[in-house]
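S.K.: here is a sequence together with a model predicted from it:
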Amino acid sequence: MLTSAAHLLFYRLDTDQHVIPVNLDDMYGGPQPSECWLIGGGPSLGELPCDEIARSPLPKMSMNLSGTGLLRPNFWTSYDPTARFHRSIYLDAGILKFVHRRRAMDLVPETTFKVCECPGVIFFDRHAGRDFSTFLSPQAPGIIDWADSMVQAIDLLYRLGFRTIYLAGCEMRVRPPAELWQQVSERDVSVDPLGLLSDFFKLCESHGLSWQHAIPSDELSIYHFEETKSLRAAMQTDQHYFRIAQSLRLARRNLTQHGLQLISVTPQSRLNDHFPYRDISDVLADVRRTVGDAGREATRGLYSQQASRSPKLTGPMRDVKPPNWSASSSSRRKELARKTPQLLIEQEGWLATGKSFQQAYCTPREMG
């Protein structure tokens with residue numbers, strides 16, 4: 001058993017801090033670009049058809065508390081301390097959880113369990129120092145560290161093999177309080193709805209509008225779930241969102257070079273100026289067409305099905321040898337088969353010739 005996480009991207013840990021490698025690189029890559037929902041915590045998530053997202057045959061990744069009360073994720077990750085999240089996330093064996101190694105010995109909230117004891121927890125190390133041109137770096141020894149859960153989630157999904165990510169509930173901004181926005185509207189003040197929250201408050205002050213009277217509790221609700229932040233903390237969060245949105249804009253060339261597409265389904269997101277935006281109903285319709293509609297798939301008669309269910313093609317389809325195949329490479333494969341026959345039981349030539357595996361790949365001495 002290994003005791004070091006060196007050169008491993010994903011691994012599990014036990015309470016002795018022994019490392020158990022887990023190879024998940026490109027696990028979810030397929031013959032067409034694999035797609036995934038990335039669920040944000042913005043208030044707009046409550047306005048999207050979350051029931052349809054949950055039923056769609058695309059996996060869902062949540063970050064921190066995003067999706068709480070609306071849908072259950074397949075993948076989950078966080079950047080913040082363990083105590084900020086729910087026990088049910090850590091103990092749910094149906095959720096694959098990606099957590100930084102330093103959280104391994106934290107206690108799961110309301111239990112005496114260590115995080116590393118929980119089912120489906122995968123650990124990783126972070127890789128600092130990546131810039132816009134190296135945002136995605138397949139050979140990097142760890143997951144990108146830009147002090148942001150969403151950036152971390154994007155890199156994780158890329159390493160897992162996903163190449164299309166739909167961003168839901170990812171406004172990347174904090175909306176001004178409705179009460180204060182109403183006052184601004186009544187005074188016919190020109191305001192950029194996607195501008196910085198700090199600039200909005202400065203504008204209010206310049207027009208004699210007191211936000212203290214509009215927000216007597218000094219708390220803003222900035223998520224789709226029940227949680228608030230102070231005005232100062234909300235402005236800092238909005239600044240952070242703005243910085244990450246601009247960073248993703250500046251990393252677009254790198255994303256394109258690596259075949260990763262970010263598509264927003266979040267109305268009024270700051271990302272919509274820089275990345276494709278699609279109406280979520282169109283995305284859901286495309287998913288049903290390309291992947292399938294699990295809720296409407298018929299079952300009757302399938303177990304007695306005899307006819308081919310292949311699609312209609314414009315021409316024949318045949319499996320062929322790879323372009324670099326040669327007699328010498330075939331000899332090398334047979335030599336490899338002689339040494340490790342259990343790995344090559346379906347090598348071309350065995351089934352085609354009707355020979356037994358031993359006849360095809362073993363020497364007379366080995367057969368004796």
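M.R.: Thanks, I have the structure now.
S.K.: domains of the chain?
M.R.: As assigned by automatic domain parsing, the chain contains the domains 11-173+240-290, 332-367.
S.K.: would you reformat these as TSV and include mean pLDDT and distance to residue 201?
M.R.: Every C-beta, even on glycine, is put in place using the N, C-alpha and C of the backbone. Output for these, formatted as TSV (pLDDT from 0 to 100; distance: least, C-beta to C-beta, whole Å):
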stretch	mean pLDDT	distance to residue 201
domain 11-173+240-290	97	14
domain 332-367	51	65
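S.K.: deepest-packed of these, please.
M.R.: domain 11-173+240-290 (a mean of 18; mean count of other C-beta atoms under 10 Å).
S.K.: counting by contacts, list what the longest helix along the chain packs against.
M.R.: Counting residues, the longest helix in the chain under DSSP state H turns out to be helix 231-250. With contacts taken as 3 or more C-beta pairs under 8 Å, 6 or more residues apart in numbering; DSSP states H and E, helix 231-250 sits against helix 149-160, helix 197-206, strand 219-221.
S.K.: let's have these in CSV, adding distance to residue 137.
M.R.: As requested, these are exported to CSV (distance: least, C-beta to C-beta, whole Å):
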stretch, distance to residue 137
helix 149-160, 9
helix 197-206, 33
strand 219-221, 36
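S.K.: please enumerate the strands of the stretch 1-150 of the chain.
M.R.: Shown for the stretch 1-150 of the chain, the strands assigned by DSSP state E, counting those that start in this stretch span residues 11-13, 19-21, 34-39, 60-63, 75-77, 96-100, 121-124, 126-127, 143-144.
S.K.: the ones you listed: which one's closest to residue 168?
M.R.: strand 34-39 (5.6 Å; C-beta to C-beta).
S.K.: paired strands for the closest one, with orientation please.
M.R.: strand 60-63 (parallel), strand 162-168 (parallel) (DSSP bridges).
S.K.: could you report the separation of the residue positioned nearest the centre of the chain from residue 67?
M.R.: Centrality entry for the chain: nearest residue to the mean C-alpha point is residue 157, 3.8 Å, by C-alpha atoms, centre = their mean. For residue 157, the distance to residue 67 equals 15 Å [C-beta to C-beta, to the nearest Å].
S.K.: likewise for residue 272?
M.R.: 21 Å.
S.K.: ok, now residue 137?
M.R.: For residue 137, the distance to residue 67 equals 28 Å [C-beta to C-beta].
S.K.: cool, and residue 129?
M.R.: Using C-beta to C-beta, residue 129 is found at 31 Å from residue 67.
S.K.: repeat that for residue 207.
M.R.: 38 Å.
S.K.: quick check, residue 295 in contact with residue 57.
M.R.: No - using C-beta atoms under 8 Å, residue 295 is not in contact with residue 57; the gap is 9.5 Å.
S.K.: which residues touch the residue lying closest to residue 59 once chain neighbours are set aside?
M.R.: Closest residue to residue 59 apart from its sequence neighbours, by C-beta to C-beta, 6 or more residues apart in numbering: residue 74 at 4.0 Å. Neighbouring residues of residue 74 by C-beta atoms under 8 Å, 6 or more residues apart in numbering: 59-61, 94-96.
S.K.: strands along the stretch 201-350 of the chain, start to end?
M.R.: With DSSP E, counting those that start in this stretch as the criterion, the stretch 201-350 of the chain has strands spanning 219-221, 228-230, 261-264.
S.K.: show me what the last one is packed up against.
M.R.: Applying 3+ C-beta pairs under 8 Å, 6+ apart, one finds that strand 261-264 contacts strand 162-168.
S.K.: can you redo the strands of the stretch 1-150 of the chain as CSV with distance to residue 236?
M.R.: Listed next are those as CSV, based on distance: least, C-beta to C-beta, whole Å:
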stretch, distance to residue 236
strand 11-13, 33
strand 19-21, 36
strand 34-39, 23
strand 60-63, 18
strand 75-77, 22
strand 96-100, 22
strand 121-124, 27
strand 126-127, 22
strand 143-144, 22
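S.K.: quick one: closest of the ones you listed to residue 324.
M.R.: Residue 324 lies closest to strand 34-39 among these, at 26.7 Å (C-beta to C-beta).
S.K.: that closest one vs helix 149-160, what angle?
M.R.: Between strand 34-39 and helix 149-160, the angle comes out at 160 degrees (axes from the mean of the first three to the mean of the last three C-alpha atoms, to 10 degrees).
S.K.: what's strand 34-39 in contact with?
M.R.: By C-beta under 8 Å, 6+ apart, the residues outside strand 34-39 that reach it are 28, 45, 53, 56, 58-63, 66-67, 71, 73, 75, 150, 153-154, 157, 161-170, 287, 291.
S.K.: so how far is it from its chain's centroid?
M.R.: Distance of strand 34-39 from the chain centroid (C-alpha atoms, centre = their mean, to the nearest Å) equals 6 Å.
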